[in-house]
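Asks: Take a look and give me a structure for this.
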Amino acid sequence: MAEADNASGEQTITSLPNVVPTVHRQTQTNSAQGSNQRTKAPRQNNHVQPSEPLEITEADAEAVQRALGMELEVPYVFSWEPTLLWGQNSAMQKASRRKRFKKGVPIITGTGFELQGEDDSANPKLSNIEFVTKAFNDNLAGFDELVTAMAEIDQITTAMGANAVANQFLDVSTLPGTKVKPTAFLEGADKPIKAKVQSTFGLDLGAVATFMEQIFATARGQNARLDAGHSELTGFDETLIPQNPGFILRTVGGAPAQADAAVTALQLDDNATPNITPQLKSLLALVIAYLKIGAGNNGAPVVRSYAKTIAPVMARTDFSAMFNMLSAPETGFYSANNASNWKKLVKKVPGLNDLTLPVYASGIQITQPVSKVDHSMDSLNRVLWLSGMAQGVDYLTQYEFPDKKQRKEIEGLGGYKSKKDTLAASGGGQGAIFELRAMMKAVDPNVTIPAAERGLYPAAEWADLAKRIFMYTYHLNHGDADTYGENATRNDIV
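Replies: As a prediction, this is how the structure comes out:
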């Protein structure tokens, strides 16, 4: 977690309690990982360097990531603190005398986590709440720290339910944990506490294709089950695309096979094409998934409201850094001649033969305040994105997007720049950092759940879900054959 709060625009790290920040240092990879240095791709004429520091609202390139961190956003509980005019009796306690918390402001801290304000509320006087953990190392100590943090979070949510009274404010001072904002109040805590779950973790680049195939399996019951076998994790709320609810699963889950086929097709044209490696398969699969989601479902927009919804599995390490994690033969072959072979490879994928189209070819579906298709992101086309990532620049980031006015819309895509994660599970190798967004809890199809409740995990299930995500990513990075982790225990961490 970081914020740009100094005059120079440099990023400062805001540490959680009991956390020793470890900044990812940019290191050169060895020859086996593509040590050849590449120059940046030529910039478009309209690419203007910012005249002032960017205001970065999410975790940025200086943020710390160690294997796995959790975010649990509670959409129906609101937080606020009183202004100086707040009075002692109900007549003086007006709504106008409340002040919302900015995103990321800690309200309560605990061992390895914070309860923070979240700015999704439409009410200007109220903020939502979100539990944000530190990022835990992928080893036994990290697992134990995760268990401790989730247990303390459970104590807070349990106390919310026990102390809250309908139609009354809940005084934060009555809850467990260290109160950073002891005068804060919560509203709505008397209702069942549920959260949208997101997780950020490091993955060995070579394991990403397997991750995509397992998490986004198209057949129900074949998804990587992380929730005690009772539900699956699709990584995306398919109800957002009612006309074809399997589009995201087919697109993301099927991308690795399309990557294999594209390399085979290119080898038929050019026998100098290197054999595909797990790393290339994974990187190409990510590119395919992004571009096909950007192209939409039969031309209808799939990206909704925010530019980052192009990525159900969002790469926080940028694509140019991941390209540099390929082998030296691959980086040399695909970056040569303005990345001509890289572009030829992508054109081998059905539906992606026209590289002049924008990355967001079908635009972004906006529903508020009025329904429309927004094409304001069209300044980045496929050919520039592809040539850029192969030559040192990821234009699909808030740092490099061609249209300066639209950079803030990119938010977290590639936001960690070249930062990677050191993974104990893979023997200390470097992993790219990813965020699995909008996890959706699949349920018995015979059970009707209101649309607003889908994708929300009850507080009682958070700890188990967090442990299973930890186990899943750990075993995936470790190269274990059975990576679902349904029956994995603490003793399975080596």
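
Asks: going forward, measure contacts between C-alpha atoms and count neighbours the same way
Replies: Fine.

Asks: Any stretches of the chain with poor pLDDT?
Replies: 1-66, 86-94, 96, 218-245, 438-455, 481-488 (pLDDT under 70).

Asks: for it, what spans make up the helices?
Replies: 140-163, 208-215, 247-269, 278-295, 319-323, 328-347, 382-389, 407-410, 462-478 (DSSP state H).

Asks: and those as JSON lines, adding distance to Phe78 and mean neighbour count?
Replies: Output for the helices of the chain, formatted as JSON lines (distance: least, CA to CA, whole Å; neighbours: other CA atoms under 10 Å):
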{"stretch": "helix 140-163", "distance to Phe78": "12", "mean neighbour count": "18"}
{"stretch": "helix 208-215", "distance to Phe78": "32", "mean neighbour count": "22"}
{"stretch": "helix 247-269", "distance to Phe78": "31", "mean neighbour count": "20"}
{"stretch": "helix 278-295", "distance to Phe78": "33", "mean neighbour count": "23"}
{"stretch": "helix 319-323", "distance to Phe78": "37", "mean neighbour count": "25"}
{"stretch": "helix 328-347", "distance to Phe78": "46", "mean neighbour count": "19"}
{"stretch": "helix 382-389", "distance to Phe78": "40", "mean neighbour count": "24"}
{"stretch": "helix 407-410", "distance to Phe78": "25", "mean neighbour count": "18"}
{"stretch": "helix 462-478", "distance to Phe78": "19", "mean neighbour count": "23"}
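
Asks: Including distance to Ile108, could the ones you listed go into a markdown table?
Replies: Output for those, formatted as a markdown table (distance: least, CA to CA, whole Å):
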| stretch | distance to Ile108 |
| --- | --- |
| helix 140-163 | 9 |
| helix 208-215 | 33 |
| helix 247-269 | 37 |
| helix 278-295 | 37 |
| helix 319-323 | 36 |
| helix 328-347 | 47 |
| helix 382-389 | 40 |
| helix 407-410 | 29 |
| helix 462-478 | 18 |
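
Asks: Let me know which of those helices is the nearest to Gly428.
Replies: Closest to Gly428 of these, according to CA to CA: helix 462-478, at 10.4 Å.

Asks: which secondary structure elements does that closest one contact?
Replies: Packing contacts for helix 462-478, counted by 3 or more CA pairs under 8 Å, 6 or more residues apart in numbering; DSSP states H and E, involve helix 140-163, strand 194-203.

Asks: Out of the ones you listed, which is closest to Lys102?
Replies: Of all the helices and strands packed on helix 462-478, strand 194-203 comes closest under CA to CA, at 18.7 Å.

Asks: which helices and strands sit right next to the closest one?
Replies: strand 68-82, strand 421-423, strand 429-436, strand 456-458, helix 462-478.

Asks: okay, these in JSON lines with distance to Gln214 next?
Replies: Shown next, in JSON lines, are the helices and strands packed on strand 194-203 (distance: least, CA to CA, whole Å):
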{"stretch": "strand 68-82", "distance to Gln214": "18"}
{"stretch": "strand 421-423", "distance to Gln214": "20"}
{"stretch": "strand 429-436", "distance to Gln214": "13"}
{"stretch": "strand 456-458", "distance to Gln214": "21"}
{"stretch": "helix 462-478", "distance to Gln214": "11"}
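
Asks: hang on, the earlier thing: and the helices and strands packed on helix 462-478 as CSV, adding distance to Leu423?
Replies: Listed next are the helices and strands packed on helix 462-478 as CSV, based on distance: least, CA to CA, whole Å:
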stretch, distance to Leu423
helix 140-163, 12
strand 194-203, 7
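
Asks: and of the ones you listed, who's closest to Ala262?
Replies: Of the helices and strands packed on helix 462-478, the one closest to Ala262 (CA to CA) turns out to be strand 194-203, at 23.4 Å.

Asks: so who does the residue nearest the centre of the chain touch?
Replies: Centroid-nearest residue in the chain, with CA atoms, centre = their mean: Glu435, separated by 2.5 Å. By CA atoms under 8 Å, 6 or more residues apart in numbering, Glu435 lies in contact with 198-201, 313-316.
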